[in-house]
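model this:
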Amino acid sequence: MTKTANKNQRLNVSSGGAYESVFGYSRAVRVGDDVHVSGTCAPAGNEKSDVYTQTRAALAIIEKALADAGATTSQVVRTVVYLRDINDAEDVARAHLETFDAIRPASTLVQVTSMMRPWQKVEIEAYAKVV
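This next block holds a predicted model:
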């Protein structure tokens, strides 16, 4: 991942994903003590993975983006989970709990009709406060 910072204490973290330059976004942005991680799905290679595996893959990307921004999962204060099939909620919850059980961030789970790729089942945003 590459990082760029300016005099306003803004740090943009890039994962090098193709859509970052096409869409004009960063994987994560840190301003002061606040870190915002963009909606994150499992990467290519997970086309046949179940929702639990896709969730774990997305959380691993989020964990790396947090680290590149100087944060950890223990500093996450909120997550938003977008899920294509609400019947998969228990599997997503299990993966979420494995990552966040010790800190219990505020969280929202929303069912959506589609993702960027037809095989993607879950997308997660994370917000952290570095204290």
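
Any buried residues in stretch 117-131, and which?
Using 16 or more other C-beta atoms under 10 Å as the test for burial, stretch 117-131 gives 120-128. Yep, even glycine has a C-beta here, placed from its N, CA and C like the rest.

quick check, nearest of these to Leu59?
Nearest to Leu59 among the buried residues of stretch 117-131, counting by C-beta to C-beta, is Ile124 at 6.7 Å.

so after the lowest-mean-pLDDT helix or strand in the chain, what's the next helix or strand?
When each helix and strand of the chain is scored by mean pLDDT, DSSP states H and E, strand 2-5 comes last, with a mean of 47. Remark: after strand 2-5, the chain's next helix or strand is strand 10-14, criterion DSSP states H and E.

And stretch 113-121, how far out from the chain middle?
15 Å (C-alpha atoms, centre = their mean, to the nearest Å).

who touches that stretch?
Outside stretch 113-121, the residues that touch it by C-beta atoms under 8 Å, 6 or more residues apart in numbering are 19, 41-42, 46-48, 50-51, 54, 82-85, 88, 122-123.

Of these - the most surrounded one?
The residue in these with the most neighbours, by other C-beta atoms under 10 Å, is Val122 (28 neighbours).

Many thanks, I have nothing further to ask.
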